[in-house]
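3D model of this:
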Amino acid sequence: MPTEIKVPDLGESIVEATLAEWLKAVGDPVKAGEPVLTLETDKVDLEVGATKDGVLAEIRVERGTDVKVGDVVGLIDESAAPAEQKPAPPAEKPASAAPGEEAPPAEGRAEDGVEPQGPGRVSPVARKLAEEKGVDLAQVHGSGAHGRVTKEDVERHLAAAEKPAAESAAAEKPAPPSRPAATAPTPATADGARREERVRMSRRRRTIAERLVEAQRTAAMLTTFNEIDMSAIMALRARRKDAFKERHGVSLGLTSFFVKAAVGALKAFPRLNAEIDGDEMVLKRYYDIGIAVGAEDGLVVPVLRDADRMSFAAIEQKVREYVEQSQGGTLSLEDLRGGTFTITNGGVFGSLLSTPILNPPQVGILGLHKIEDRPIAVNGQVEIRPMMYVALSYDHRIVDGREAVQFLVRVKELAEDPETLLIEG
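This is a model prediction of the structure:
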């Protein structure tokens, strides 16, 4: 009897996914534990492995289809499993091989017989783009974790391929005539067409859209703003950055300062570290801080567990690890679960001021922005200081405006006097 390939348990609160890609075709042999398909969930992409040795006998669900936990998407025929083969006699060594040496592997394949760019080494988005553009993935260098090929790698490969073609076309173009010729309309506008392109939204993008609308529909969301003089933090980073990096192997960024400042403010105003459950407020006495990271196919928010117990170095190391994993598509569901409060930094993209949207069921999110030199009044004198606008969006159902303003003022106080972050733990 064939073995069913089912959609596995996807983790906390995730009941649906999109079948992003089949890694095997019908008739291909499979081994137990070997990935046969990729699922795209709201948070991460997951590979589903075969549970038995055999041959992929049937594909019941095509790529791009939404599936639920427990759905049967394909069948494996165990009776068609390839028999255990006896090792082939050693091939005659080439004349140039010295006694005891192995013959070199066949050209174009890795020594273990796995293709250089196997299915697990390419993100689903990158594979789809490569198929659309006719790109040979074996020729694309992967910059993600463990050499994983990302969408950006394919785009760079396309750009590199187009450049020589453009240069060659320019070199072959005949010299312009001495008299100016009439300019012909370009092909793109010759027929006057206004071109459009339809691109299917990924499951993650659809979920982001739904959650953002849900947050605005269900929460009484307001935002309060303040500004922070970053002089003290920047001076401290300038003094300590070299020694910090030499000792810990990671740069001293802004994230660790604001994680610590946020935790300090959350301890003073615990309703910002809560959620609503029916007619009750769940006040959380632990601090799992979500850090918004821009990934290939949308924003993800991996979580720093017990951030109040983490050192500056541990925070910076974990955030760097999360960024690398998001780029390589290797974040796990466990990395994204939970979170009691979120920090997002639009300043890395040049944003001067914005209104962050809540990440339900959380009731608070802190938005950081671009640092910009501005004139401000200091002790009756006008000085140029590095200033940053900060924003706190909060759920007014359980957080009063007074609390929200005082929370942001506390973040400002701790950031402008970072020594207090160490004194107060």
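
quick check: mean pLDDT across the strand or helix carrying Ala159?
Per DSSP states H and E, Ala159 falls inside helix 151-172. Mean pLDDT, helix 151-172: 69.

again, but for stretch 54-62
Mean per-residue pLDDT for stretch 54-62: 89.

Mind listing what's buried along that stretch?
By neighbour count on 16 or more other CB atoms under 10 Å, the buried set for stretch 54-62 is 54-57, 59, 61. Where C-beta positions appear, they are placed from N, C-alpha and C, glycine not excepted.

Would you map the helices across the stretch 301-425 of the chain?
Using DSSP state H, counting those that start in this stretch, the helices of the stretch 301-425 of the chain run over residues 312-328, 333-336, 401-416, 419-423.

typed the wrong thing, it's the stretch 1-150 of the chain
Residue ranges of the helices in the stretch 1-150 of the chain, as given by DSSP H, counting those that start in this stretch, are 124-133.

Report the residue spans of it with pLDDT below the cut-off.
By pLDDT under 70, the low-scoring segments of the stretch 1-150 of the chain are 11-13, 43, 80-121, 124-125, 144-146.

would Ala265 count as being in a helix?
Yes - using DSSP: H, G, I helix; E, B strand; the rest coil, the assignment for Ala265 is a helix.

Apart from its chain neighbours, what residue comes closest to it?
Closest residue to Ala265 apart from its sequence neighbours, by CB to CB, 6 or more residues apart in numbering: Arg410 at 4.1 Å.

ok, now how distant is the one you found from Val390?
The spacing between Arg410 and Val390, counted by CB to CB, to the nearest Å, is 11 Å.

out of the two, which sits in the more crowded spot?
Using other CB atoms under 10 Å, the more surrounded residue of Arg410 and Val390 is Val390, with 21 against 18.

how about the helices of the stretch 301-425 of the chain, which one is nearest Ala295?
Minimum separation from Ala295 across those (CB to CB) falls at helix 312-328, 4.1 Å.

mind listing what's buried in that closest one?
Buried residues in helix 312-328, counted by 16+ other CB under 10 Å: 312-313, 315-319, 322, 325-328.

so which two of those are the farthest from each other?
Phe312 and Gly328 (25.0 Å).

that older thread, please verify my assumption that the residue nearest to Ala265 contacts Ala268.
Yes - at 5.6 Å, Arg410 counts as touching Ala268 under the criterion of CB atoms under 8 Å.

Neighbours of Asp28, how many?
Residues near Asp28, counting by other CB under 10 Å, number 12.

Equivalent analysis for the one 10 residues further on, please.
Neighbouring residues of Thr38 were enumerated by other CB under 10 Å; the total is 24.

what do you get for Glu372?
Residues within reach of Glu372, counting by other CB under 10 Å, total 13.

Tell me the bridge partners for it.
On the basis of DSSP bridges, Glu372 is bridged to Met387.

Might you report the residue contacts of it?
Applying CB atoms under 8 Å, 6 or more residues apart in numbering, we find Glu372 in contact with 352, 386-388.

thinking again about what came up before, in contact with the residue nearest to Ala265: list those residues for me.
Contacts of Arg410 were listed using CB under 8 Å, 6+ apart, and they are 261, 264-265, 268-269.

For the spatially most central residue of the chain, name its beta-bridge partners.
In the chain, the residue lying closest to the centroid (CA atoms, centre = their mean) is Ala295, at 2.6 Å. Following DSSP bridges, Ala295 is listed with bridge partners Gly298.

how close does it sit to Thr65?
Using CB to CB, we find Ala295 at a distance of 23 Å from Thr65.

can you pull out the strands in the stretch 151-300 of the chain?
221-229, 274-277, 280-283, 289-291, 293-295, 298-300 (DSSP state E, counting those that start in this stretch).

out of the ones you listed, nearest to Val44?
Here strand 298-300 is closest among the strands of the stretch 151-300 of the chain (CB to CB), at 7.6 Å.

in that closest one, what's buried?
Within strand 298-300, the residues that count as buried by 16+ other CB under 10 Å are 298, 300.

got the contact list for Gln317?
Taking CB under 8 Å, 6+ apart as the contact definition, Gln317 lies against 248-250.

nope, Lys133 is what I meant
Counting by CB under 8 Å, 6+ apart, Lys133 touches 154, 158.

Need phi/psi at the closest residue in space to Glu214 that isn't next to it in sequence.
Computed as CB to CB, 6+ apart, the closest residue to Glu214 that is not its neighbour in sequence is Pro360, at 6.4 Å. Pro360 adopts backbone torsions of phi -60, psi 150, taken as degrees, to the nearest 10.

need the contact list for Pro360.
Neighbouring residues of Pro360 by CB under 8 Å, 6+ apart: 211, 214-215, 218-219.

So which of these belong to helices?
211, 214-215, 218 (DSSP state H).
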